[in-house]
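Novice: Pasting a predicted model and its sequence here:
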Amino acid sequence: MRVAAPVGDLSTQAADAPVSAVRRFLLARGSSRWADRVFSGLMLLCALAIFAIVALIAAELLSQSQPSWHAFGLSFFYHYNVDPVTHLPLFWDPVNGVFYALPFIYGTLVTSLVALCIAVPLAVGLAVFLTEMCPRWLRSPLSFFTELLAAIPSVVYGLWAIFVLIPLLRDNINPFFIAIFQQPTLVRLFAWTHLFGDDGLFGGVNLGLGLLGAGVILAIMILPIIAALTREVMSAVPNSQREAALALGATRWEMIRIAVLRNARIGIVGSVILGLGRALGETMAVAMVIGNSPEIHLSLLSMGHSMASVIANEFTEATSDMHRSALIEVGLALFLVTILVNACARLLVWAVTRGATARVQ
Amino acid sequence: MKPNLDLRSLWRTAKDRIATGLAILATLLVVAPLVAIFFYLIYKGASSLNWAFFTEIPKPEGEVGGGMANAIVGSAVILAVASFFGIPIGIGGGIYLAEFGRGTKLANAVRFTADVLNGVPSIVMGIAAYSLIVMPMHHFSSFAGGVALGIMMIPTVTRTTEEMLLMVPHSVREAALGLGVPNWRSVISITLKTASPGVITGCMLAFARVAGETAPLLFTALGNQFWSVSLNHEVSALPLQIYNYAISPYDDQHRQAWAGSLVLIALIVIAVSLVRFFTSRGTLKGAS
Amino acid sequence: MGVAIEVKALNAWYGATHTLQDIELHIPANHATALIGPSGCGKSTFVRCLNRMHETNPIARVTGSVKIGDLDIYNDISPVEIRRRVGMVFQRPNPFPTMSIYDNVCSGLKLNGYRNRRELDEIVERSLRSAALWDEVRDDLKKKSGASLSGGQQQRMCIARALAVDPEVLLMDEPASALDPVSTSKIEDLIFQLKSQYTIVIVTHNMQQAARVAEKTGFFLNGRLVEFDSTHKIFTNPTDKRTEDYITGRFG
């Protein structure tokens, strides 16, 4: 057995050192069992606060919307009165106590649908470009740019929409669609679809403001969310899949289609639903450009109202309890729908990313 | 046989080219509005910014001049209240998820609820704060607005805190416990401190997100044309003022709305860039 | 000064796995005791039971009694308190990444609320000297982060950190397994120096290391203590056939 050589002359030092001071101090310290318990209790309380907040919001919305629920029941969401003079449907007339939410649901759905139609192809295209085609030096600044797009406040989007987007739509883009949809031959040919002509998708007065404008600004707002998540699920596709496709002689596009998009499709659907959840609840930008009138028209150029925008517009001016209660019921419906949509999206994205990482490992 | 094959491969190459072209087109179409927004913000905002904007309160309707000093201060008050509520609860929840509830059903439920809360529309948060705080107190207040924004901060802070704490190696926790350091002390002074750059980043991200929120303030803080820093009083905020000016008929107010937007965006871009800077250094992957 | 350890009927589980079975052992005071055995034999679990680190894992469970000095550590005292008396050095150096060398060394005191600055300075110097690291780091104690040191230096800093709380027992769980030969020999020299003042329990899978530093050696196999005797006896004339097989490299 080798005997280790001593390192310096420290053996005596430590031996003579007073054992007491430090040791006595530490021995005097308690087990801090109570401090630990209080601390973990506090942290648990913080975690439970998240439950409590969601529950409190739900309870508050439920109780405050009771008057409207008792007065209108489920018909709140689909019924309407008919104006005795003009014989037009009458949905929402706070002065005369008429509260039916159908136009808001319609406005929310149509604007969200328009937004998805525009945003999804663009977002997927962007994600494909970023993950599969982009030169390395461009990737980082480009994804930073799209992240910035997500960080711009809604009200700034609204401001920009009012002064830039809406005039642009009114003067340059809408006339193009109007020309197509009002083209006499096409109108005659597709009359059966009811989408063409003066009562069609692009009929009526072209003000710029309206459902289309709201849909376009929503599209710009939800784009980064969809693009970011789509990118994530696409990057989660293992490289071996890509190589396998390329080894079979696939072109790059075929490789993307076969290996990437097919593997990532559930995740992409999840991200689209998440984008939908954001679009449904988006308030300020929509309220600033949708036109704010509780009507239902087929034309995308017509004014409308969304569930969120009507609350933003009328809540502070709601003088009657019934008006306020009806608005809160709209809010409750919005709350439930967005929870449902978000839960679906989260579950999808979770399922996919979990499966993907398992595959990579 | 041969020309047929050639034609097919030609078609395949063409499809590849078309797809590439479409992806590039999509990218350009995404970048275009962003560039346009920033261009207009800087073009219209910078030319409208002046000293008065930061020092004066709004002039009466229709008069030229004035500024948004009260709105900037109001925003600061509201955001201070929001951070006061949102950050501690958010960090606490994150600590619970990472240190105490790991793998439990309760933790999964909390995580899911946080994601749900993250998706609740901001306008709904406004209604909730209205009926929870404004109605019982019988008046609008910056406090109510702050609480609404604070609640919106919680999910972001919780999830980033959790992620950052999970990245602290287990051996560091063991080192602390092995020295006889009580668990609470180890969590605060060792784990949380080690993860602090990431946690701070998460808080800033949440802060930047709510700093631009307007909808929850519409019927909580309400807005105010005059000076106010009271928690018990309606108060103006930068996003609220931008909204009110944007939909007003006066050119000078439009000008100020652009200036306000520029200031707001500058703050947010600085925050996001800092986040990006920290995350790109690798130590904090996954923060954004 | 160190105290003796008396282990009786110790059993430990990870979930459903019975990792330690009926361990009986007397570890003498102020000596180095080595625990050897193939990986997965339970030797690490055993030392982790000596300062109740084992139970930090939520699925872990322990029965039996461990007496350190006069204290039954599973009945008389809380885990936090026993860990202040029993220092531990882990397999991989685990400095606190946000702290300077100085703060790392006195972290056990500072985090427990010890505030006396002058005393702390002394303790840090003494501990670093004991860990044979003082001369290498004395100039940038507060400037350099603990994580900026080399692996061997980090491990010696971790030893200094454990010594700073003036423990009665020092547990070392394969302290040199992640280090290069030069650092390993420094650590071994250190253990040789320290064992006159502390009761040292060192887990190792390196038999030469056990032979070099320890007076007593225990051989673990499949969660059981097969043989415990003087190091000389274990390595020259083991009683049990299985010990002999392991020592001579016939398995494991």
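Specialist: All right, it came through fine. Numbers count the residues shown, from 1 in each chain, chains lettered A, B, ... in the order given.
Novice: all helices for the stretch 101-250 of chain B, in order.
Specialist: Here the stretch 101-250 of chain B has its helices, by DSSP state H, counting those that start in this stretch, at B:105-119, B:122-129, B:135-137, B:142-166, B:170-178, B:183-185, B:193-194, B:196-211, B:238-246.
Novice: Can you mark which positions in the fifth one are buried?
Specialist: In this case it means helix B:170-178. The neighbour-count check on helix B:170-178 (16 or more other Cβ atoms under 10 Å in any protein chain shown) flags B:172-178 as buried. No exception for glycine: its C-beta is placed from N, CA and C like everyone else's.
Novice: Residues in contact with it: which ones?
Specialist: By Cβ atoms under 8 Å, 6 or more residues apart in numbering or on different chains, the surrounding residues in contact with helix B:170-178 are B:183, B:185-186, B:189-191, B:194, C:51, C:53, C:56, C:83, C:87-88, C:90, C:92, C:94-97, C:107, C:111, C:158, C:161-162.
Novice: next one: it to chain centre, how far?
Specialist: Distance of helix B:170-178 from the chain centroid (Cα atoms, centre = their mean, to the nearest Å) equals 34 Å.
Novice: Give me the angle between it and helix B:142-166.
Specialist: 100 degrees (axes from the mean of the first three to the mean of the last three Cα atoms, to 10 degrees).
Novice: related to what we said a few turns ago, using PyMOL, define a selection of the buried residues within the contacts of helix B:170-178.
Specialist: Buried subset of the contacts of helix B:170-178, written as a PyMOL selection, criterion 16+ other Cβ under 10 Å:
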select buried, (chain B and resi 183+185+186+189+190+191+194) or (chain C and resi 51+53+56+83+87+88+90+92+94+95+96+97+107+111+158+161+162)
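Novice: so of the contacts of helix B:170-178, which ones are in helices?
Specialist: Residues of those located in helices (DSSP state H): B:183, B:185, B:194, C:83, C:107, C:158, C:161-162.
Novice: which of the residues you listed are close to chain A?
Specialist: B:183, B:185 (Cβ under 8 Å from any Cβ of the partner chain).
Novice: so where's the stretch 1-150 of chain B shaky on pLDDT?
Specialist: Across the stretch 1-150 of chain B, the ranges flagged by pLDDT under 70 are B:1-5.
Novice: let me redo that: chain A
Specialist: Applying pLDDT under 70 to chain A flags the ranges A:1-20, A:352-361.
Novice: just the strands in it please.
Specialist: A:81-82, A:89-90, A:92-93, A:98-99 (DSSP state E).
Novice: Distance from the chain centre to the third one, please.
Specialist: Centroid separation between strand A:92-93 and its chain, computed with Cα atoms, centre = their mean, is 29 Å.
Novice: Likewise for the last one?
Specialist: Taking Cα atoms, centre = their mean, one finds strand A:98-99 lying 29 Å from the centre of the chain it belongs to.
Novice: ok, now stretch C:181-192?
Specialist: Worked out by Cα atoms, centre = their mean, stretch C:181-192 lies 14 Å from the chain centre.
Novice: same deal with stretch A:79-95?
Specialist: 33 Å.
Novice: I'd like to know how many residues surround residue 129.
Specialist: Went with chain A since none was named. 24 (other Cβ atoms under 10 Å in any protein chain shown).
Novice: Correction: the question concerned chain C.
Specialist: Residues lying near residue C:129 (other Cβ under 10 Å) number 20.
Novice: Same question for the helix or strand encompassing it: list its buried residues.
Specialist: Per DSSP states H and E: residue C:129 is located in helix C:117-130. Along helix C:117-130, these residues count as buried under the neighbour rule (16+ other Cβ under 10 Å): C:120, C:123-130.
Novice: So which elements touch it?
Specialist: helix A:10-16, helix A:20-28, helix C:101-105, helix C:107-110, helix C:134-137, helix C:151-164, helix C:181-194 (3 or more Cβ pairs under 8 Å, 6 or more residues apart in numbering or on different chains; DSSP states H and E).
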